[in-house]
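[1] Generate a structure from the sequence data that follows.
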Amino acid sequence: MEAVTGYYPAPEQVDAWCDALLERTRQVRVQGECLAYDPLTEPFGNCPNTLVNRYVRFTASDGRRAFYGYWQPALKTPAPLLINLPGYGGFMSLHPQLCDQNFHILHVSPLGYVTPSGADWSLALPDRNWPVLPNTALGAPGGYEDWLSDVLLAVRWALERPDVLPDRLSFFGTSQGGGGSLLLASLLGPERVRCVCADLPFLTDFPHTGLNGEAYGLLRPVRGQVEPEAFWRRLGLVDTVSHAHRLSMPVMLSSGGADDTCPAATVERLFSRLPGTKQYTYLEHQTHTHSRSSMVLFSAWLHLYA
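    This next block holds a predicted model:
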């Protein structure tokens, strides 16, 4: 394990990578178009906010693939902004519990994987998994640098809305959504991000996973195609543990004792390295899924700090 972690980037290299990604994204203009399409056609039983929620189509000046978000406006404005990120399976989320507590929520689905009419399976691998993680290890386009850049563009669009409080930005998500939230918080820093909630976070402590399980195991087919130094350095740049020194805003983490996808030990290693206000909740019987417990933890942390 020491040989593997020796390939990981030093903190100053992570800082330089973040600066470079931010600068590249700043050079790109983004346009967000709110769409009239509403797939929830049966009003009975739906969240009262359903008729005001809107899909957003994002297009960028550099010719990257269009991607989508789902905008859930707060009841009263101006209001704080929450960015919700998807798990690896690909979906668009509704979070009426938080929206009704007067947060704007923008769910972002990067890389065009999910559209208003559902997942675009033409972009998936033959096994119906998405290629963003293997592409990261391979150094190919469509890896997590592009994924994160899409989210940064969507955040810029949302922060420019007149009904958003621009100094009240926070991130939350489960699995990849949790890991991605931590990486976005690292990129933007405590000056821009109020807090982050990472439930069962993926993209955490790659070396100690053994590349086992449904999520980290996606790297096994490509491991032999890349020199070890390049393979682990690329993963190290998107490992939340590598970004711990940058995560001084309040951070909430959770893990599940029955979670074989993102093991609790990986989350605990990240927690031990976080420098600021932090909370870690271990749920003994929790499997790898978004849950009611997730929503309670999100709500409490966001009310404290968002």
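
[2] Might you report the residue contacts of the residue nearest the centre of the chain?
    For the chain, the residue nearest the mean C-alpha position is residue 180 (2.7 Å; C-alpha atoms, centre = their mean). Each residue near residue 180 by C-beta atoms under 8 Å, 6 or more residues apart in numbering is listed here: 85, 147-148, 151, 171, 173, 203. For glycine as for every other residue, the C-beta is placed from the backbone atoms N, C-alpha and C.

[3] top of those residues by neighbour count?
    For those, the largest neighbour count, defined by other C-beta atoms under 10 Å, is 31 neighbours, found at residue 173.

[4] Hmm, residue 199 and that residue touching each other?
    Yes. Contact criterion C-beta atoms under 8 Å: residue 173 and residue 199 qualify, at 6.9 Å.

[5] re earlier: what pLDDT does the residue nearest to the centre of the chain get?
    pLDDT for residue 180: 98.

[6] any idea how far residue 29 is from it?
    23 Å (C-beta to C-beta, to the nearest Å).

[7] again, but for residue 68
    Separation of residue 68 from residue 29 (C-beta to C-beta): 18 Å.

[8] Looking at these two now, which is surrounded by more residues?
    Using other C-beta under 10 Å, the more surrounded residue of residue 68 and residue 29 is residue 68, with 24 against 11.

[9] and the next element down the chain from the helix or strand that contains the more buried one?
    In the assignment (DSSP states H and E), residue 68 maps to strand 67-72. Downstream of strand 67-72, the first helix or strand assigned by DSSP H and E is strand 79-85.

[10] partner residues bridging residue 254?
    residue 199, residue 281 (DSSP bridges).

[11] quick one, what contacts it?
    198-200, 267, 280-283, 286, 293-294, 297.

[12] ok, so what distance separates it from residue 227?
    Distance of residue 254 to residue 227, given as C-beta to C-beta: 35 Å.

[13] what do you get for residue 258?
    Distance check for residue 258 against residue 227: by C-beta to C-beta, it reads 36 Å.

[14] Give me the contacts around stretch 65-72.
    Residues outside stretch 65-72 that contact it (C-beta under 8 Å, 6+ apart): 32, 34, 49, 53-59, 92-96, 99, 104-116, 150, 154, 158.

[15] What backbone torsions are found at residue 265?
    Phi and psi for residue 265, reported as degrees, to the nearest 10, are phi -60, psi -30.

[16] scratch that, residue 29
    Taking degrees, to the nearest 10 as the convention, residue 29 sits at phi -90, psi 150.

[17] For it, which non-adjacent residue is spatially closest?
    By the measure of C-beta to C-beta, 6 or more residues apart in numbering, the closest residue to residue 29 outside its immediate chain neighbours is residue 61, 3.9 Å from it.

[18] what about the one you found, how many neighbours?
    Residue 61: 11 surrounding residues under other C-beta under 10 Å.

[19] so what's it scoring on pLDDT?
    At residue 61, the pLDDT value in this model is 98.

[20] shouldn't it be in contact with residue 153?
    No. Counting by C-beta under 8 Å, residue 61 stays clear of residue 153, with 9.8 Å between them.

[21] Spit out the residues that contact those two alike.
    Taking C-beta under 8 Å, 6+ apart as the contact rule, residue 61 and residue 153 both touch 28, 30.

[22] Please, where are all the strands along the stretch 151-300 of the chain?
    Shown for the stretch 151-300 of the chain, the strands assigned by DSSP state E, counting those that start in this stretch span residues 164-174, 193-199, 251-256, 278-283.

[23] any chance of the ones you listed in TSV, plus mean pLDDT?
    Listed next are the strands of the stretch 151-300 of the chain as TSV, based on pLDDT from 0 to 100:
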stretch	mean pLDDT
strand 164-174	98
strand 193-199	98
strand 251-256	98
strand 278-283	98
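
[24] Kind regards, and thank you for your time.
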